[in-house]
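Novice: Need coordinates for the following:
(chains A and B)
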Amino acid sequence: MLDDFLVRAGLAGFGLSLATGPLGAFVVWRRMAYFGDATAHAAILGVALALATDLPVGLGTLAVALLMAVTVATLAARGWAMDTTLGVLAHSALAFGLVAISFVHGVRTDLSAWLFGDILAVTRGDLAQIWGGAGLVAALLIWRWSALLTATLNGDLAHASGINPDRERLVLVLALAVVVAVALKVVGALLIAAMLIIPAAAARGMARSPESMAALAVGIGAVASIGGLGLSLWQDTPAGPSIIACAAVVFALSAIVGPLRRR
Amino acid sequence: MSRLPDRGRSMSLIAADHACVRFAGTEVLHDISLRVDPAEIVTIVGPNGSGKSTLLRALLGITPLAAGRVSRRAGLRIGYVPQRLQIDRTLPITARRFLSLPRRHPPAASAAALARVGVPEVADRQMADLSGGQFQRVLLARALLTEPDLLILDEPTQGLDQPGEAAFYRLIDELRHDTGCAVLMVSHDLHVVMSASDRVICLNGHICCEGTPQVVSHAPEYRAMFGLGTQGALALYRHEHDHDHTHDHTHDHGHDHGHGSARPRVGDPRGHGHA
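Specialist: Sure thing, here's the model as predicted:
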């Protein structure tokens, strides 16, 4: 079954959604959209470093994404002006990554695969990586769910209940770095943050509880992956943007239908 | 337990012993010693920026102390109602689900807690859709579900209208009688302090004075801090009026008068400026 590249691509998209659904919900609730962007853009730098040093690409992106996520979280805790800081970090990481990758021989031609994803070329190894990483993130979020949710509502409230909000933030930072590393192959560095935010935002209009919002985001992410895959196959469009475009259509529908339903 | 020889070491629920808090080198709380005994209602009053919320956060262990210590009775259960909790509209959550964070409670217990605080009808409503008064009562219900020995409330009636505020404090008083829990709260509403507290602590970076509401309301430190002067009721009215709307005036003229005649807890001439 896994011999079929379409099956592998579909499974890759679905596997990624398992992580981006719940994590995306937290990104929306905690207003971490730009934070996700900065971490995702750093992945390109990770690709360049990995290729230059002959390390596995997954490891390189994971390390650099983790470094970026921890940097941003540390600066935020010290009270830096986050809008500007994140803008500087996100775009610098992308620029340095693109410059660095131009030095690596032979990559320039398939740079677009790193930027926009190449879901149709997912191998069995990639699939194992995606499901392993996404499964890890999903398990982590389910395990910490109650504490994460309390810390998201209010740090002091969490603290008074014996939860350390800084530790819960670190959990999300770790999860984000892992998701960036595994999502690179599917939607590409430029659109990882979109894969987090758009399904969760689309789920908001239909959800009445945090749990249902996360679950709906998983579903919407999976549907968008399959839809984008179809579009990519049918019209030979780039895979990542096709997936995000499908998610955006679902968001638009939910934005129109949601208020009507509530009436 | 507090090791202070001169105060109730046996009974206090929570006690601060010469506690200091510094932010970036600036001492915002200086040499705070206080205690809360079972079943008493203690209110902390003070101008904006006097460190009221910081003191609560230090007692809760959220803000680290630069010096001194905070001791709690072993196994003390605290129910905390934070100041101004805002739930983002992007987060869908019903009142019932909110009550079960972080620990799950049986639906019957949640329903009973909501009924106890007078809002049984909101269980299935979204938190973001509740009125200010309903929201505060749900927060209180959540605190009650932990069966606290001590309720800590940080300006719990902020944003409520006058009747709502009065009703909320009546509820607090009832809860104290029903459950026997102690209450430590921050307020800058003078009326409330006078009617609903057993003891008042007047804070302005340090503890200026403390005692029963009657004693404190006649203390020169208190009158100076709240600008009561010699104008009596009119000044009181004006003062409250200011507090309701502007929040930007300072009380720096505080301690020049009155140190001679009253019995301030901490006669610290340094303690004028507050952040």
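Novice: show me where pLDDT drops low in the chain?
Specialist: In the absence of a named chain, this looks at chain A. Chain A contains residues with pLDDT under 70 at A:1-2, A:79, A:81, A:106-109, A:259-263.
Novice: nope, chain B please
Specialist: Judged by pLDDT under 70, chain B has its weakly predicted residues at B:1-10, B:191-192, B:227-275.
Novice: can you pull the contacts of A:Arg78?
Specialist: By Cβ atoms under 8 Å, 6 or more residues apart in numbering or on different chains, the contact set of A:Arg78 is empty. For glycine as for every other residue, the C-beta is placed from the backbone atoms N, C-alpha and C.
Novice: is stretch A:13-23 up against chain B anywhere?
Specialist: No. If you take Cβ under 8 Å from any Cβ of the partner chain as the test, stretch A:13-23 misses chain B, and the best it gets is 13.1 Å.
Novice: List the single closest residue to the closest residue to chain B within chain A in space, sequence neighbours excluded.
Specialist: Across chain A, no residue is closer to chain B than A:Ala160, which sits at 3.7 Å (Cβ to the nearest Cβ). Ranked by Cβ to Cβ, 6 or more residues apart in numbering or on different chains and with sequence neighbours excluded, the top spatial neighbour of A:Ala160 is B:Tyr80, at 3.7 Å.
Novice: With A:Tyr34 instead?
Specialist: Of all residues not flanking A:Tyr34 in the chain, A:Leu86 sits nearest, at 4.3 Å (Cβ to Cβ, 6+ apart).
Novice: for A:Val179, same thing?
Specialist: Counting by Cβ to Cβ, 6+ apart, the residue nearest A:Val179 is A:Ala19, at 5.1 Å.
Novice: Show me what from chain B comes close to chain A.
Specialist: Contact residues, chain B versus chain A (Cβ under 8 Å from any Cβ): B:57, B:60-62, B:78, B:80, B:82, B:85, B:87-88, B:90-94, B:97-98, B:101-104, B:126, B:152.
Novice: Could you rerun that using 6 Å?
Specialist: Contact residues (Cβ under 6 Å from any Cβ of the partner chain) of chain B with chain A: B:60, B:62, B:80, B:82, B:85, B:88, B:90-93, B:97, B:101-102.
Novice: Which residues of the stretch 51-200 of chain A lie near chain B?
Specialist: A:146-147, A:149-150, A:154, A:156-157, A:159-161.
Novice: residue boundaries of the helices in chain B?
Specialist: Here chain B has its helices, by DSSP state H, at B:52-60, B:95-99, B:107-116, B:132-144, B:162-179, B:190-196, B:213-218, B:220-225, B:233-245.
Novice: Also the stretch 1-150 of chain A?
Specialist: For the stretch 1-150 of chain A, the helices defined by DSSP state H, counting those that start in this stretch cover A:5-29, A:33-53, A:57-77, A:82-103, A:111-116, A:124-143, A:145-153.
Novice: Export these to a markdown table and append columns for mean neighbour count.
Specialist: Shown next, in a markdown table, are the helices of the stretch 1-150 of chain A (neighbours: other Cβ atoms under 10 Å in any protein chain shown):
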| stretch | mean neighbour count |
| --- | --- |
| helix A:5-29 | 24 |
| helix A:33-53 | 24 |
| helix A:57-77 | 20 |
| helix A:82-103 | 16 |
| helix A:111-116 | 20 |
| helix A:124-143 | 18 |
| helix A:145-153 | 22 |
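Novice: Please work out which residue of the stretch 1-150 of chain B is closest to chain A.
Specialist: Closest point on the stretch 1-150 of chain B to chain A, by Cβ to the nearest Cβ, is B:Tyr80, at 3.7 Å.
Novice: Any idea what that residue is bridged to?
Specialist: Note on B:Tyr80: beta-bridge partners by DSSP bridges are B:Ile152.
Novice: where's it relative to A:Leu55, distance?
Specialist: Going from B:Tyr80 to A:Leu55 by Cβ to Cβ, to the nearest Å gives 48 Å.
Novice: Could you check which of the two has the larger neighbour count?
Specialist: Neighbours per residue, other Cβ atoms under 10 Å in any protein chain shown: of B:Tyr80 and A:Leu55, the larger number sits with B:Tyr80, 25 against 13.
Novice: these two touch, right, the more buried one and A:His159?
Specialist: No. The criterion here is Cβ atoms under 6 Å, and B:Tyr80 misses it with A:His159 at 8.6 Å.
Novice: Show me the strands in the stretch 1-150 of chain B, by range?
Specialist: B:14-23, B:26-36, B:41-45, B:67-72, B:78-81, B:150-154 (DSSP state E, counting those that start in this stretch).
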